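>>> what follows is a predicted protein model with its sequence.
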Amino acid sequence: MGASCGWRKSSGRDSRCRKRESRADSHAVEGVIGLEHDRHLTSPTRIAFTLAVSRGFSALGGQIALTILPVIVYLISHSLAQAGLVLGARLLISTISTPISGVFADRMNQKTLMLASNCARIALFALMAQLHSIPLLAILIAIAAVGGMLEATSVASLTPKIVRAAELPRANAILSSALNLAFIGGPLLSGVLVARFSAHWGFYAAALTQVIALLATMTLPSHPRDETVSAQTKNVTSQLFDGLTFAFQDRFLTLMLTVYSVFILGLTAFNVLAVGLSYHFHMSGYGYGILIAAQGAGMLIVTFLSAKWIKTSSIVPLFLINMPIQGLSILAIALSKSFLLCVFFAFFQGVGWGMEQASVMTVLQMRIPSALQGRTIGLFFSALSIAETVGVILFGWLGGQIGDAAALATAGLLSTVFAILAIFLLRPHLRDVNVDAAH
């Protein structure tokens, strides 16, 4: 769930505005993009689609590699346990490295970091196609995952700096649509490659996607580093600590890292327990595919529609409404008496998920100071990754103890309760979001 999914700032460079430098500096602390960045902003639609091509193809390559890897590990070792260990090690390293990648996104030029990530992943995926050593494959996929998270935090931090605030919701919706297509298309394309050619060709395909992403990234407009960051002499550890301190001192971000993460934890039960529901309704493995497809269809419809019609004024309502929709949908799936109802509510949960993707990143981008964007978003990504990992393990175990339907109902109830709690606690901190975006 992805964990997708920037901010706005201002500076006082225009000589005619020198008398207002102090106010511009305060806006920078609040993360508001000012008019002085207009010279960095070209066509919002062109920038958004270029970002979508760059990030989408990069994510597509990551999904192909991630799908191919356990196949190759199993072919080498004939052990599903080793395949699981390799994927688990990758997830652990990726989660740990995400806040650190945010520090580099704050310290350095984000476009440069994206280019470096693309280049590194081209070489890594091409090399993985030649290897037959499980330890080396595990090391390289972990490094590739770190590069992917560095790119993700860089994109999240760069987007509001090269896209006007009023266009930010639409740009994020376009990015979400591209990522959704990558997450759905990656495993499908991997299956075709394995069936028609060989598993190793999947890594070459992943390298090719990084080449396309690199070419798209090269056409993006550059943006200077935040002066408040580039002038700093603190080391990486100190800057990481500053980001953590800010996140846990800010009431809104603290709630997002705790209450919202528990809400996400409950939603992940669907990923592991939907398999059992499929067999419960005598649909075997096909039923699981239908449920996931219904969820994905709802998600894609909302993100595609948002890419065309989303407005700044709708961001907060979408952000708040998506939570009870998703929680109640999971609960309804668990209580459904027919497979058709399960499919309907899986689609509805996907609709809520699409609302989440269309709104959450924009809300964060409008709330976090420009100089702390990378670190704070990296921490948020890590919190969601931990919640998803714990959720899969916890509800997988609970399903074995009390049954898949009962465990899914528990998860749905948990998410619904915390969705209501999140709305009650977060709403007071979102009153100024639409006002800021209008400036």
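That came in fine, so what should we check first?

>>> Gly396 against Val272, yeah?
Yes - counting by Cβ atoms under 8 Å, Gly396 touches Val272, with 4.6 Å between them. Placement of C-beta: from N, CA and C, glycine included.

>>> so for the two, which sits in the more crowded spot?
Val272 (21 against 18; other Cβ atoms under 10 Å).

>>> and the more buried one, what element?
helix 269-280 (DSSP states H and E).

>>> give me the residues contacting that helix.
284-288, 290-292, 295, 330, 333-334, 339, 342, 346, 349, 391-392, 395-396, 399, 403-405, 407-408, 410-412 (Cβ atoms under 8 Å, 6 or more residues apart in numbering).

>>> could you flag which of the residues you listed are buried?
287-288, 290-292, 295, 330, 333-334, 339, 342, 346, 349, 391-392, 395-396, 399, 404-405, 407-408, 410-412 (16 or more other Cβ atoms under 10 Å).

>>> whichever strand or helix holds Thr303: what's the following helix or strand?
Using DSSP H and E, Thr303 sits in helix 284-309. Toward the C-terminus, helix 284-309 is succeeded by helix 315-335 as the next helix or strand (DSSP H and E).

>>> which strands and helices lie in contact with the helix holding Thr303?
Helix 284-309 sits against helix 168-196, helix 269-280, helix 339-367, with contacts defined as 3 or more Cβ pairs under 8 Å, 6 or more residues apart in numbering; DSSP states H and E.

>>> C-alpha coordinates for the helix holding Val272, CSV please?
What follows is helix 269-280, C-alpha atoms only, in CSV (Å, rounded to 0.1, in the frame of the first residue of the first chain):
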residue,chain,number,x,y,z
ALA,A,269,-5.1,-8.2,6.5
PHE,A,270,-6.9,-8.3,3.2
ASN,A,271,-3.7,-9.1,1.4
VAL,A,272,-3.1,-12.3,3.3
LEU,A,273,-6.7,-13.4,4.3
ALA,A,274,-8.4,-12.9,1.0
VAL,A,275,-6.8,-16.2,-0.1
GLY,A,276,-8.7,-18.1,2.6
LEU,A,277,-11.9,-16.4,1.7
SER,A,278,-11.5,-17.4,-1.9
TYR,A,279,-11.3,-21.1,-0.9
HIS,A,280,-14.1,-20.6,1.6
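
>>> restricting to C-alpha, output stretch 45-53 in CSV.
Extracted in CSV, the C-alpha atoms of stretch 45-53 (Å, rounded to 0.1, in the frame of the first residue of the first chain):
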residue,chain,number,x,y,z
THR,A,45,0.7,18.9,-17.1
ARG,A,46,3.9,18.3,-18.9
ILE,A,47,5.9,18.1,-15.6
ALA,A,48,3.3,15.8,-14.0
PHE,A,49,3.4,13.4,-16.9
THR,A,50,7.2,13.5,-17.1
LEU,A,51,7.3,12.7,-13.4
ALA,A,52,4.8,9.9,-14.0
VAL,A,53,6.8,8.4,-16.8
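
>>> hmm, who's touching that stretch?
Counting by Cβ under 8 Å, 6+ apart, 41, 155, 159, 162-163, 167, 170-171, 174-175, 177-178, 212-213, 216, 219-221 sit against stretch 45-53.

>>> give me the angle between the helix holding Val272 and helix 339-367.
In terms of direction (axes from the mean of the first three to the mean of the last three Cα atoms, to 10 degrees), helix 269-280 departs from helix 339-367 by 170 degrees.
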